[in-house]
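Q: with the sequence up front, the predicted model follows.
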Amino acid sequence: MLTVYSPQHRLRDARTELSDGRLIPPFERPERAERVLARVRESGLGPVEPPRAFGLNPLRRIHDPAFLDFLEHAWSEWTAAGFPGEAIPSIWPARETVTRPPRNITAKLGTYALAAETSITAGTWEAARAAADVALTAGAAVAEGAPAAFALCRPPGHHAARDLYGGYCFLNNAALTAQAFLDGGAGRVAVLDVDFHHGNGTQSIFYGRADVLFLSLHGDPDLAFPFFWGRREETGAGPGEGATGNYPLPPGTAYDRWGEALEDACRRIAAFAPDALVVSLGVDAYKDDPISFFALETEDYLRCGTRIAGLGLPSVFVMEGGYDLETLGANTVAVLMGFEGA
């Protein structure tokens, strides 16, 4: 299986994350991608290639142009204002009252931020752009005939909505990949999100559409970030009614229950009969993940990959979360090796 990777991810090296009332070193850090890359190479999974450059047009198919402009210039505006720390929002509007963001950078952050844990730093825009190119390159390889590819994206993307960033995410790599398949001639695409945290951004982007089936296995939103999305009753709207499926699960969920949800999601994907599958591959459902509460084991990820392979679909795996550094590479590659039948 081809892995697409860019060292540009290292340009985002945030020093602060707001957590439990404290500023701490972020859980989402450059070492994550390096650990996964090392395991990919050790495993002999397949070639590792750099991404192609796709420009801004694919990003505009998913994200608001004003939001993209904000992300591109947020750090320079923040530093020009004379602020010494990393850019963290401190005020949020009632979004229904906003007709346009104020010119003040602090107000802009509040307009576009989902949450306060994710700081914007030097290199954030460049790293996010590179991650988008990684995902689009993996998608292009599959569209050109490869049975599957792995987009080793960092920063991740599934919390990023049309005009929101947060949860370590700035551009929605999985949504960009799904849209690229559709723009390339696919009639329907499925997105399966197996990250512990609900893919609220992906859901919101496709919520009113019938051409993308979005299914997510995740921690109960009454207890887990991003909290406000991911309930079973969220099933889509308008033409998209029935094209969203959520599987919120309780603390301590192990593979017996998680695997049942995966099986049901796979049955729904098979019935939908998509032309391609995009997997938001987070491995933070692992038992020792520091910011999650499921109980999957490494061998369970092998089983997950094997089940996804059973769908027989051209597939792109897009890296999302996973924060136990000691097992991150092993858990990620286990899914891919399970898919490959190795």
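A: Okay, I see it.
Q: what ranges does the stretch 1-150 of the chain have for its strands?
A: Residue ranges of the strands in the stretch 1-150 of the chain, as given by DSSP state E, counting those that start in this stretch, are 2-4, 17-19, 22-24, 48-49, 148-151.
Q: elements contacting the shortest one?
A: In other words, strand 48-49. Counting contacts by 3 or more CB pairs under 8 Å, 6 or more residues apart in numbering; DSSP states H and E, strand 48-49 packs against strand 2-4, helix 30-43. No exception for glycine: its C-beta is placed from N, CA and C like everyone else's.
Q: make CSV out of the ones you listed and add mean neighbour count.
A: Output for the helices and strands packed on strand 48-49, formatted as CSV (neighbours: other CB atoms under 10 Å):
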stretch, mean neighbour count
strand 2-4, 22
helix 30-43, 18
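Q: I'd like to know which of the ones you listed lies nearest to Glu17.
A: Among the helices and strands packed on strand 48-49, helix 30-43 comes nearest to Glu17, with 13.4 Å by CB to CB.
Q: hey, C-alpha coordinates of the longest helix seen in the chain in PDB?
A: Taking DSSP state H as the criterion, the chain has its longest helix at helix 124-143. Taking Å, rounded to 0.1, in the frame of the first residue of the first chain, the C-alpha atoms of helix 124-143 are listed here in PDB:
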ATOM      1  CA  THR A 124       0.100  26.100  11.000                       C
ATOM      2  CA  TRP A 125      -1.200  27.100   7.600                       C
ATOM      3  CA  GLU A 126       1.700  25.600   5.700                       C
ATOM      4  CA  ALA A 127       1.400  22.300   7.600                       C
ATOM      5  CA  ALA A 128      -2.400  22.200   7.100                       C
ATOM      6  CA  ARG A 129      -1.900  22.900   3.400                       C
ATOM      7  CA  ALA A 130       0.600  20.000   3.100                       C
ATOM      8  CA  ALA A 131      -1.700  17.600   4.900                       C
ATOM      9  CA  ALA A 132      -4.500  18.500   2.500                       C
ATOM     10  CA  ASP A 133      -2.100  17.700  -0.400                       C
ATOM     11  CA  VAL A 134      -1.200  14.400   1.200                       C
ATOM     12  CA  ALA A 135      -4.800  13.400   1.400                       C
ATOM     13  CA  LEU A 136      -5.600  14.600  -2.100                       C
ATOM     14  CA  THR A 137      -2.500  12.700  -3.500                       C
ATOM     15  CA  ALA A 138      -3.600   9.500  -1.800                       C
ATOM     16  CA  GLY A 139      -7.100   9.900  -3.200                       C
ATOM     17  CA  ALA A 140      -5.700  10.600  -6.700                       C
ATOM     18  CA  ALA A 141      -3.600   7.400  -6.500                       C
ATOM     19  CA  VAL A 142      -6.700   5.400  -5.800                       C
ATOM     20  CA  ALA A 143      -8.700   7.200  -8.400                       C
END
